[in-house]
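Need the 3D shape of this:
(2 chains)
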Amino acid sequence: MELKLGEKASLRRAFGEALVELGEVDERIVVLTADLAGSTNTDLFAKRFPERFFNLGITEANMMALAAGLAMSGKKPFVSTFAIFAAGKPWEQVRQAIAYQSAPVRIVATHAGLTVGEDGASHQMLEDINNMRVLPNMDVVVPADAVETKQAIHALKDHDSNPVYVRLARAPFPVVFDDNYKFEFGRAKVLRRGDDISIFACGLMVYQSLGAAEVLAEKGISAEVVNVSTIKPLDVETIVASVSKTGAAVTAEEHQVIGGLGSAVAEALAEHCPVPLVRVGVQDRFGQSGSAEALIEYYGLTPEGIAQAALRALEREGQR
Amino acid sequence: MNGEIEALKRKAYQLRRDVVEMVYRAKSGHPGGALGMADVLTVLHYKFIRADPKNPSWPDRDRFILSNGHTCPILYAILADKGYFPREELWRLRKLGALLQGHPSTAHKIPGVEFSSGSLGIGLSFACGVALAGKIDKRSYRVFCSISDAECQEGQTWEAALTAHHYKLDNLIAILDRNRCQIDGPTEKVMALEPLAEKWRAFGWEVFEIDGHDYEQIIFAFEAALKVRGRPKIIISHNLLGKGVSFMEGDYKWHHGAPSAEEFEQAMRELAQHMEGSP
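Numbers count the residues shown, from 1 in each chain, chains lettered A, B, ... in the order given. Below is the predicted model of the structure:
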């Protein structure tokens, strides 16, 4: 799959292809899903390695605990289903069997966020970053595009000491990175340097934030855009270094502003470097049906929405 | 055979004394289920399970997964007796900084403990994962998973039951503690389970039903279950909650709770008499 900057590419597809590549090099890789092989693109692995692929039917609670059993018996399980059925329905099984035991299960959730689209609020998981990052031992990764997705999945092959949650979406995202990009677990990456405001983003909102930086540049404001693809452990050093320079911050995520990236950054800034902060995301509401594009627009997760948030943060900074 | 059974019975009463003393010293815990399961778990651990206390992570060891984690005093007593950790640890159960947690924990690296239980209904799924890994790797180990009768009220238990049948996990043997008691009262009053054996048969499992205090039946059931191929097996063990301590027997109120000093003395005296009665 050739990926062109700015063109849309499927994160799920990148995940499915990466799994096959991993399967070729490590026979300990096993893949589990709960009646969503096609939707999660784990069917690619199933076709290549049927003996290491297990469809558990619609038994998410069972699947999570079973994955822990595999992980603690020497396997490297990747478990994939929709985010609502990975970080919602079986949360207690993830806590008890995976996080508490620090079982190295890679939970790769697809269909997170508003961009699920037409299926509506029941399927638009907007609380998963919160649910997963609160668990001790659990790491959380949110790739920004297909390129980073593939790299992250490869990087997590040997993530053997504790579990990790990877958040993907249904909708294809515009490609942000070229082949020179290097995902590093636990590191936030400054994608665009700026002096006036720091924009911390994850997932689709990284692309939107790069757009916001353009909008702000036209107003003479220099924005720094940081891709926080590892939300836990949070790269506090890079975040603090950025706001120490800019003095104001915006967070942008396709998630509730309560509990997600916005909260994580707010916690870090409050402890280490308090500056005015405005959080862009879903404002304590449920989603609804609509196309991905219409929903992004409606909930204000656009370059313009992020730019306006930046102006509010700068205004507050000016009042200090 | 008879000499062996008498020795196992004596061992079970010795372990019951440890259970009562642990709960008494901890001032909390769940003695009833632990005492009721003592016979069937003694036979399992001292006659059937292949494991090496000196090498708890031996890859080919048989796994014992205690899904009904609140009954862990009996497991801890067995593991201490086998030398997985010093007996003194038993008397620090549930205390801050102790090895032995209120529920089994791999996070606290309790030697011999395979699964962190305590939240009901999860262990059988975990056991399916361990059994599946054994199948993939063509390992010879067997997976024994203890579940309680009231755990069959958890939907996840039946998800696991479907899975074990679907993937033909014949290296998995579940032991169901059918003592008919749960915290709030008799199981059939709280949330009826019968016909329980038929439910498991309908899910495709090979079902054995035994009197959980009849050693010949217990031994026969394990021997027979180990021979069945092509499907998972379950031994429904009809156990008497609190078995061996007269004032606890059959009384669901002893699902949890520590005995008073007088009750402790009486329980230990009764269990000692049972031991002596099994020369």
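
tell me which element the closest residue to A:Gly260 other than its chain neighbours falls in.
Of all residues not flanking A:Gly260 in the chain, A:Ile129 sits nearest, at 4.1 Å (C-beta to C-beta, 6 or more residues apart in numbering or on different chains). Placement of C-beta: from N, CA and C, glycine included. Assigning secondary structure by DSSP states H and E places A:Ile129 in helix A:128-133.

Which elements pack onto that helix?
With contacts taken as 3 or more C-beta pairs under 8 Å, 6 or more residues apart in numbering or on different chains; DSSP states H and E, helix A:128-133 sits against strand A:139-141, strand A:164-167, strand A:230-232, strand A:249-256, helix A:261-272.

Now do the same contact list for the residue of chain A found nearest chain B.
Sorted by distance to chain B under C-beta to the nearest C-beta, the residues of chain A start with A:Gly69, at 2.2 Å. Residues near A:Gly69 by C-beta atoms under 8 Å, 6 or more residues apart in numbering or on different chains: A:Ala97, B:Phe115, B:Ser125, B:Phe126, B:Ala127, B:Cys128, B:Gly129, B:Val130, B:Ala131, B:Leu132, B:Ala133.

Residue numbers of the stretch 51-200 of chain A in contact with chain B?
Neighbours of chain B within the stretch 51-200 of chain A, by C-beta under 8 Å from any C-beta of the partner chain: A:51-52, A:54, A:56-57, A:59, A:61-75, A:92-93, A:96-97, A:100-102.

which of the residues you listed count as buried?
By neighbour count, with 16 or more other C-beta atoms under 10 Å in any protein chain shown, those hold A:52, A:54, A:56, A:59, A:61-73, A:75, A:93, A:96-97, A:100-102 as buried.

Give me the subset of the residues you listed lying in strands.
Under the assignment DSSP state E, those contribute A:Phe54 to strands.

Now, the buried ones among the residues of the stretch 51-200 of chain A next to chain B that are in helices?
A:Ala61, A:Asn62, A:Met63, A:Met64, A:Ala65, A:Leu66, A:Ala67, A:Ala68, A:Gly69, A:Leu70, A:Ala71, A:Gln93 (DSSP state H).

and the residue in the stretch 1-150 of chain B that chain A sits nearest to, what does it touch?
Per C-beta to the nearest C-beta, B:Gly129 is where the stretch 1-150 of chain B lies closest to chain A, at 2.2 Å. Contact partners of B:Gly129, counting by C-beta under 8 Å, 6+ apart, are A:Ala65, A:Leu66, A:Ala67, A:Ala68, A:Gly69, A:Leu70, A:Ala71, A:Met72, A:Ser73.

does it belong to a helix or a strand, and which?
Here B:Gly129 is assigned to helix B:123-136, by DSSP H and E.

and the closest residue to A:Leu36 other than its chain neighbours, which of the three is it?
Excluding the flanking residues, the one nearest A:Leu36 by C-beta to C-beta, 6+ apart is A:Thr81, at 5.2 Å. Under DSSP: H, G, I helix; E, B strand; the rest coil, the three-state class of A:Thr81 is strand.

quick one, what contacts A:Thr81?
For A:Thr81, the contact set (C-beta under 8 Å, 6+ apart) comprises A:Thr33, A:Ala34, A:Leu36, A:Thr40, A:Glu60, A:Met63, A:Ala109, A:Thr110.

so how far is A:Thr230 from the closest residue in space to the fourth one that isn't next to it in sequence?
I take that to be A:Thr40. If the residues on either side of it in the chain are set aside, A:Thr40 comes closest to A:Ser80, at 4.1 Å by C-beta to C-beta, 6+ apart. Per C-beta to C-beta, to the nearest Å, A:Ser80 is found 19 Å from A:Thr230.

So for the two, which sits in the more crowded spot?
Neighbours were counted for A:Ser80 and for A:Thr230 using other C-beta atoms under 10 Å in any protein chain shown; A:Ser80 has more, 29 against 23.

which residues sit in contact with B:Asp177?
B:33, B:36-37, B:40, B:68, B:71, B:146-149, B:212, B:237, B:239.

Okay, it and chain A: tell me how far apart.
Using C-beta to the nearest C-beta, to the nearest Å, B:Asp177 is found at 19 Å from chain A.

Over to that residue. Which of the three states is it?
strand.

Report how many residues lie close to B:Val113.
Using other C-beta under 10 Å, the number of residues around B:Val113 comes to 28.

tell me the pLDDT at the nearest residue to A:Met63 once chain neighbours are set aside?
Sequence neighbours aside, A:Leu56 is the residue nearest to A:Met63 in space, at 4.3 Å (criterion: C-beta to C-beta, 6+ apart). You'll see A:Leu56 listed with a pLDDT of 98.

ditto for the one 10 residues further on
The per-residue pLDDT reported for A:Leu66 equals 98.

Next, the contact list for it, please.
Contacts for A:Leu66 (C-beta under 8 Å, 6+ apart) come out as A:Leu32, A:Leu56, B:Ser125, B:Phe126, B:Cys128, B:Gly129, B:Leu132, B:Ala160, B:Thr163.

Out of those, the closest to A:Glu315 would be?
Using C-beta to C-beta, A:Leu32 comes nearest to A:Glu315 of the contacts of A:Leu66, at 49.1 Å.

what about residue 20, helix or strand, and which?
Picked chain A for this. helix A:11-25.

nope, chain B please
B:Val20 belongs to helix B:2-26, assigned by DSSP H and E.

which residues does B:Glu209 contact?
With contact set as C-beta under 8 Å, 6+ apart, B:Glu209 has these partners: B:Ala197, B:Ile235, B:Ile236, B:His238.

Checking it next. Helix, strand or coil?
Per three-state DSSP, the local secondary structure of B:Glu209 is strand.

Equivalent analysis for B:Gly121, please.
Following three-state DSSP, B:Gly121 is assigned to coil.

per-residue pLDDT, it?
For B:Gly121, the pLDDT comes out at 98.

Just give the closest residue to it, not the sequence neighbours.
Excluding the flanking residues, the one nearest B:Gly121 by C-beta to C-beta, 6+ apart is B:Glu154, at 2.8 Å.

I'd like the distance between that neighbour and A:Ala65.
B:Glu154 is 11 Å from A:Ala65, by C-beta to C-beta.

Wait, B:Lys168 touches B:Gly230, no?
Yes. With contact defined as C-beta atoms under 8 Å, B:Lys168 reaches B:Gly230; the gap is 5.7 Å.

ok, the two, which is more surrounded?
Using other C-beta under 10 Å as the criterion, B:Lys168 and B:Gly230 rank with B:Lys168 on top: 14 against 9.

what secondary structure does the more buried one sit in?
For B:Lys168, the assignment made with three-state DSSP gives coil.

Enumerate every residue touching it.
When contacts are counted by C-beta under 8 Å, 6+ apart, B:Lys168 touches B:Gly230, B:Arg231, B:Pro232.

Just want the phi and psi numbers for it.
phi 50, psi 50 (degrees, to the nearest 10).

Now do it against B:Ala131, distance only.
10 Å.

can you check B:Gly32 too?
Using C-beta to C-beta, B:Gly32 is found at 29 Å from B:Ala131.

Equivalent analysis for B:His166, please.
Look at B:His166 and B:Ala131: by C-beta to C-beta, they are 12 Å apart.

more crowded one of these two?
The neighbour count for B:His166 versus B:Ala131, taken as other C-beta under 10 Å, is higher for B:Ala131 (30 against 17).

If you drop the residues flanking it in sequence, what lies closest to A:Gly211?
Nearest non-adjacent residue to A:Gly211, counting by C-beta to C-beta, 6+ apart: A:Pro303, 3.2 Å away.

does that neighbour really touch A:Val206, like I thought?
No. Under the criterion of C-beta under 8 Å, A:Pro303 makes no contact with A:Val206, lying 11.6 Å away.

Compare the two (neighbour count), which wins?
Neighbour tally, A:Pro303 and A:Val206, criterion other C-beta under 10 Å: the higher count belongs to A:Val206, 30 against 19.

Could you list which residues are in contact with the more buried one?
Residues in contact with A:Val206 (C-beta under 8 Å, 6+ apart) are A:Ala144, A:Asp145, A:Val176, A:Leu191, A:Val225, A:Asn227, A:Ser229.
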